[in-house]
Structure formats: structure tokens, C-alpha cells
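*Asks:* I would like to see how this sequence folds:
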Amino acid sequence: MRLLTSTDYKIMPWKNGLGQTTELVKSPQSVNSETPLQWRLSIADVPGSGPFSIFPNTDRIIIQLDGPPMTLSHGAASPAKNLNKNEPYAFSGEWTTHCEVDGPARDFNILVDHRFFRASADVTELSSGQEVRIPLRGTVAIIHLLEGNAHLADPSRNATIDLSAPTTLIWDSPDAPSHVTVKSGTDTVSFVVISLGKTG
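*Replies:* Numbering: from 1, shown residues only. The predicted structure is shown next:
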């Protein structure tokens with residue numbers, strides 16, 4: 001398991017220069033013309049309405065975290081989508097996408113090159129004292145703590161980790177546990193669970 005916190009994240013401009021992204025983690029770490037990006041997790045600060053960057057060969061999942069409701073339109077490719085807070089929405093990174101929003105907003109982004117991986121994501125919200133069992137699926141399993149404090153238990157190792165948002169945990173080895181347990185340590189805890197499976 002790898003554990004990343006805010007000191008590990010990288011802030012960078014959007015590909016189109018119209019906003020800012022906090023890159024949480026990506027694979028591979030070094031990307032170039034011969035070694036393309038296979039997947040990336042990030043959180044974007046959206047200053048207002050405008051176009052999204054286009055990413056060839058890429059599938060996207062977006063989860064709105066804060067701000068006024070965002071509406072994404074894709075021209076003739078797909079009907080417009082009104083985003084709901086903490087609700088994942090999947091679409092093609094190759095589509096020409098425009099965002100309408102009445103003010104600054106933030107969203108969680110998952111990019112996967114569909115030649116290498118497919119992705120799924122779910123958001124879980126817990127109130128104080130609640131506990132939930134989380135299956136870890138796929139070649140790569142990731143939990144990103146969005147809000148609050150939590151206790152994560154790995155029953156296969158009889159270990160417990162105390163977490164504070166923002167924190168990212170990554171399991172990408174064959175000896176990863178089949179599941180973990182997350183228990184809320186504050187009034188409100190929310191986290192996103194991502195599963196990445198190889199397509200090849």
C-alpha cells in the first residue's frame with residue numbers, strides 16, 4: 001500500500017490553460033511521447049464556465065465536490081448532464097465538452113487511457129461512528145479521503161491507520177487485501193473508491 005498526502009500532490013495549470021488542477025497521483029510517473037499516461041487522479045478548481053481540455057484515447061469520470069451545480073454539454077456526442085454533488089459521471093475525454101457553472105467550483109477527476117485501463121468510482125459518505133466494509137477490486141484499487149477524519153482497518157494485516165483529508169491510499173500489488181474497513185472519526189466523512197482494471 002502507498003499513502004499520499006497533500007505534500008505529495010502537484011499543482012499545475014489545465015492543459016488548455018483556463019483553470020488549475022491538483023494532481024494527486026498518476027501512472028507512469030514520467031510521461032513522454034514513448035511512454036503515454038495510463039491513468040491519473042486529480043482535483044480541479046473550476047473558475048467558471050468554459051471548455052474542458054480534450055484528451056485523446058481517454059475515458060473520464062468527474063465528481064463535483066463543491067460550488068454551484070455544473071452542467072456539461074458535449075454537442076452532438078451525448079445529451080447535456082447536470083452534475084450532482086458526489087455523484088460520478090463518466091464520459092469520453094475525446095468529446096468536445098463545455099461546462100456551465102454560476103461561480104467557482106471544484107471537481108474530482110479520473111482519467112484513464114482506455115488502451116490500458118478501465119475505471120469505476122463510487123463515493124461513500126459516513127456520519128459519526130459509522131463503519132463500512134470496502135471491497136478492493138481491480139489491478140489498482142484507490143481510496144481518496146475527501147472530507148473529515150477516519151480509521152482504516154486492514155484485517156489481513158491486523159493493522160489500523162488514522163487518516164485525515166486529503167489522503168490517497170493505493171493498492172497495486174498482488175498481495176493487496178480483498179477488503180478494508182473504514183470508520184468515521186468525525187461528524188462527516190466522505191471518500192471516493194476507485195477501481196482500475198487492465199483492458200489488455
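
*Asks:* what residues of the helix or strand harbouring L163 count as buried?
*Replies:* Assigned by DSSP states H and E, L163 belongs to strand 159-164. For strand 159-164, the neighbour count (16 or more other C-beta atoms under 10 Å) marks L163 as buried. To be clear about C-beta, it is placed using only N, CA and C from the backbone, and glycine gets the same treatment.

*Asks:* also stretch 182-193?
*Replies:* Neighbour counts over stretch 182-193 (16+ other C-beta under 10 Å) mark 182-185, 189-193 as buried.

*Asks:* now what about it, what contacts it?
*Replies:* With C-beta atoms under 8 Å, 6 or more residues apart in numbering as the test, stretch 182-193 has contacts from 63, 86, 88, 108, 121-132, 134, 141-153, 162.

*Asks:* out of those, which are buried?
*Replies:* 63, 86, 88, 108, 121, 123-126, 132, 134, 141-150, 152-153.

*Asks:* from the buried residues of stretch 182-193, which is closest to A77?
*Replies:* For those, the residue nearest A77 by C-beta to C-beta is V192; the value is 25.3 Å.

*Asks:* okay, that closest one: pLDDT?
*Replies:* V192 is assigned a predicted lDDT (pLDDT) of 98.

*Asks:* can you tell me the SS state at it?
*Replies:* Of the three states, V192 takes strand under DSSP: H, G, I helix; E, B strand; the rest coil.

*Asks:* flag the shaky bits of the protein, pLDDT-wise.
*Replies:* The chain contains residues with pLDDT under 70 at 32-34, 200.

*Asks:* so what are the domain limits for it?
*Replies:* According to automatic domain parsing, the chain comprises the domains 2-115, 118-198.

*Asks:* could you point out which element follows the strand holding L163?
*Replies:* With secondary structure assigned by DSSP H and E, strand 159-164 is succeeded by strand 167-171.

*Asks:* tell me what that following strand is packed against?
*Replies:* strand 2-5, strand 20-27, strand 140-147 (3 or more C-beta pairs under 8 Å, 6 or more residues apart in numbering; DSSP states H and E).
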